[in-house]
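K.L.:
could you look at this predicted model? Sequence included:
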Amino acid sequence: MRSTFKVLFFLKRDKKKANGMIPLYCRITVDGQEARFGMKCDVNPQYWDVKASKASGRTAEATTINNLIDTTKSAIYRIYRETQERENYVTAEKIKNIFLGIEQKQQTLLELFDYHNRERKSMIGININQVGYNNYCITRQQVADFLLYKYNLHDISIKEIDHQFLCDFESYLLLKHGYVRNSLLNILKRLRHIFELAVNKGWIYKNPFKEYNLQWEKVDRGYLTQEEIDRLIDCQFKRKTLEKARDIFLFCSFSGLSYSDVKHLTYDNIQPSIDGKLWIKGFRKKTKTEYNIPLLNIPKMILEKYRGTTKNNLVLPVNHSSNYNKHLKKVATACGITKNMSSHLARHTFATLTLTKGVSIESVSKMLGHTNISTTQIYAKVTDKKVGNEMKMFAQNVKNLDVKLQLTTTQEEVKIEDVYKTLKIPFGKATDIFWEHLIQKVWLNWSNTDRQAFVAELENMENKPTTLRDFYVEFIDFFLDSIKCDNFYNHPESVDINTEIQLAVNF
């Protein structure tokens, strides 16, 4: 990248000496940033040409000053070109230091890591958690091991890191340690953050990750089916530790809380909403984003089960994550579940099942505390069952269209008396005059196509009505279903979050 570069010589008039002479200074400017230094030479201001930035006249003194200026200027231009070619990053201060022979300390990669990690450690509990800090410490050690393995070095200047270094490091993690793609990318993302810090501090000009592609690999996130959840609920455990692990997993499966959030959940987070029902309200430990979740019956029963058994106002007796995940593996075995049960699987399960039961992705995203709905799309796998349910709803909405398509060429009017005769239902009796009147009243307001659709549905029934009363029941069911489908189909926006959450109660 080309930069603006300029060298100027001037008299520093605020340093005028008693004999009237003024010190000569040099100013270097690169991309608007300046660095200046004294030339250890004094000039009579009467013989200084400001426009030309040189001494005027033909005296020996003027010649000496101008030679010094030309030599200095030539040397500075040479340093600028060489530095730009070598490092592709030039500053005015760097050129000045090289010209004056001032040695610049080379910032190294591991020293930068150590500086970063010290800063991070001081922020634990404020804007970073212990796990996040530990991950950077692990990445620092992985880089140190790689430097020793690949280059036999204990550290390296950050200016020497290039695209090939990153490729070699990625290959090292893949081949030497066997990381899967997404775990490897988490390591590289932390290393990229370290170089962003170096750029911000002006130690390097360009982040070597700028043209390095970090492409996530899409994975099929697991979840438990409703049948597997039923097995979890029905299973009886001899060990209380496994029962507790099962209960906490179920609580998360029906609330969407992560392990960290449920571990720190207190009764202060259980609050009544304006509808009078209990909700779980708080902020996610990981992202500090707000979540609001209706408290369903299953997690509510689990809360009552453990009420009074915990300290510090905590809601549930949650163990350390490693112990909890070990217990979940044993729970899965006891329940005949072959999937890899872990704390996060419950969160995936909540997202998937709520979507399957008809809760909108916007509502699920809000309950999970996601900052971006695309994150919810990763968690929430659209199952075949969800597709089936939605197509069933669609089929219900358009169930009359196939009949209408078949009958559009049939112009003969369908009479209610003909329907009675076809079904062999006796009519015209004094005892049935009430049912005949009700049926006739609606029938006359139907279009001929709607009548044909109803007749077609009657023909497909296994147990056809044999009395006017039974006929009326089927008649009104068809009529109400038509109204319901039309209302939903024409006004789907009327479904609010409370209606959607209620669907989830029926897991």
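P.N.:
Yep, it's here. Source: prediction; values computed, not measured.
K.L.:
what's the longest helix in this protein?
P.N.:
Longest helix of the chain, by residue count under DSSP state H: helix 60-87.
K.L.:
just the CA coordinates of the following helix or strand past that helix, formatted as CSV?
P.N.:
Using DSSP states H and E, the next helix or strand after helix 60-87 towards the C-terminus is helix 92-100. Coordinates of each C-alpha in helix 92-100 appear next as CSV, following Å, rounded to 0.1, in the frame of the first residue of the first chain:
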residue,chain,number,x,y,z
ALA,A,92,7.7,8.5,10.4
GLU,A,93,9.0,7.5,13.9
LYS,A,94,10.4,4.3,12.5
ILE,A,95,12.4,6.1,9.7
LYS,A,96,13.7,8.7,12.2
ASN,A,97,14.9,5.9,14.6
ILE,A,98,16.6,4.0,11.8
PHE,A,99,18.4,7.2,10.6
LEU,A,100,19.5,8.1,14.1
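K.L.:
quick one: mean pLDDT for helix 92-100?
P.N.:
Computed over helix 92-100, the mean pLDDT rounds to 87.
K.L.:
for that helix, buried residues please.
P.N.:
By neighbour count with 16 or more other Cβ atoms under 10 Å, helix 92-100 contains the buried residues Ala92, Glu93, Lys94, Ile95, Lys96, Asn97, Ile98, Phe99. Every C-beta, even on glycine, is put in place using the N, C-alpha and C of the backbone.
K.L.:
just stretch 328-346 next, same as before
P.N.:
Buried, per 16+ other Cβ under 10 Å, within stretch 328-346: Leu328, Lys330, Val331, Ala332, Ala334, Cys335, Ile337, Met341, Ser342, Ser343, Leu345, Ala346.
K.L.:
can you give me the strands in the stretch 151-300 of the chain?
P.N.:
All strands of the stretch 151-300 of the chain, identified by DSSP state E, counting those that start in this stretch, fall at 270-272, 278-283, 290-294.
K.L.:
roughly how far is the longest helix of the chain from the heart of the chain?
P.N.:
Put simply, helix 60-87 sits 54 Å off its chain's centre (Cα atoms, centre = their mean, to the nearest Å).
K.L.:
returning to that earlier point: any chance of a markdown table for the strands of the stretch 151-300 of the chain, columns mean pLDDT?
P.N.:
Below are the strands of the stretch 151-300 of the chain laid out as a markdown table (pLDDT from 0 to 100):
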| stretch | mean pLDDT |
| --- | --- |
| strand 270-272 | 89 |
| strand 278-283 | 87 |
| strand 290-294 | 83 |
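K.L.:
out of those, flag the one nearest Ala35.
P.N.:
Between Ala35 and those, the shortest separation by Cβ to Cβ is 47.1 Å, and it involves strand 278-283.
K.L.:
tell me the secondary structure of Phe37, please.
P.N.:
Going by DSSP: H, G, I helix; E, B strand; the rest coil, the secondary structure assigned to Phe37 is strand.
K.L.:
low-confidence stretches in the stretch 201-350 of the chain?
P.N.:
By pLDDT under 70, the weakly predicted segments of the stretch 201-350 of the chain are 215-221.
K.L.:
now with 90, please.
P.N.:
201-238, 251-264, 271-300, 303, 308-313, 315-325, 328, 338-350 (pLDDT under 90).
K.L.:
all helices for it, in order.
P.N.:
With DSSP state H, counting those that start in this stretch applied, the stretch 201-350 of the chain shows helices at 226-234, 240-253, 259-263, 297-305, 321-334, 343-356, listed in chain order.
K.L.:
out of these, the one nearest Cys41 is which?
P.N.:
helix 259-263 (66.5 Å).
K.L.:
pull the residues that contact the closest one.
P.N.:
Contact with helix 259-263 is made by 129, 248, 251-252, 255, 282, 284-286, 291, 315-316, 318, 321, 324, 343-344, as judged by Cβ atoms under 8 Å, 6 or more residues apart in numbering.
K.L.:
list the buried ones in that helix?
P.N.:
Neighbour-count burial for helix 259-263 [16+ other Cβ under 10 Å]: Tyr259, Ser260, Asp261, Val262, Lys263.
K.L.:
what's the closest of those to Tyr80?
P.N.:
Using Cβ to Cβ, these come closest to Tyr80 at Ser260, 52.3 Å.
K.L.:
could you list the domains of the protein?
P.N.:
As recorded under automatic domain parsing, the domains making up the chain are 5-100, 109-211, 226-385, 398-492.
K.L.:
deepest of those, which one?
P.N.:
domain 226-385 (a mean of 17; mean count of other Cβ atoms under 10 Å).
K.L.:
dump the helices of the stretch 201-350 of the chain to JSON lines, plus distance to Ala456.
P.N.:
Compiled in JSON lines, those are given as follows (distance: least, Cβ to Cβ, whole Å):
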{"stretch": "helix 226-234", "distance to Ala456": "34"}
{"stretch": "helix 240-253", "distance to Ala456": "43"}
{"stretch": "helix 259-263", "distance to Ala456": "53"}
{"stretch": "helix 297-305", "distance to Ala456": "42"}
{"stretch": "helix 321-334", "distance to Ala456": "49"}
{"stretch": "helix 343-356", "distance to Ala456": "32"}
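K.L.:
so which of the ones you listed gets nearest Lys15?
P.N.:
With respect to Lys15, and counting by Cβ to Cβ, the nearest of the helices of the stretch 201-350 of the chain is helix 259-263 at 62.0 Å.
K.L.:
mind exporting the C-alpha coordinates of that closest one to CSV?
P.N.:
Provided in CSV are the C-alpha atoms of helix 259-263 (Å, rounded to 0.1, in the frame of the first residue of the first chain):
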residue,chain,number,x,y,z
TYR,A,259,-25.4,-24.9,31.6
SER,A,260,-23.8,-21.6,32.8
ASP,A,261,-27.2,-19.8,33.0
VAL,A,262,-29.0,-22.6,34.9
LYS,A,263,-26.0,-23.0,37.2
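K.L.:
and stretch 246-266, how far out from the chain middle?
P.N.:
20 Å.
K.L.:
swap in stretch 139-150?
P.N.:
On the basis of Cα atoms, centre = their mean, stretch 139-150 sits 29 Å off its chain's mean C-alpha point.
K.L.:
so what touches that stretch?
P.N.:
Identification of contacts with stretch 139-150 by Cβ under 8 Å, 6+ apart yields 109-110, 113-114, 117, 153-156, 168-169, 172-173, 176-177, 187, 190-191.
K.L.:
contacting residues for Leu423?
P.N.:
Per Cβ under 8 Å, 6+ apart, neighbours of Leu423: Leu458, Lys464, Pro465, Thr466, Phe471.
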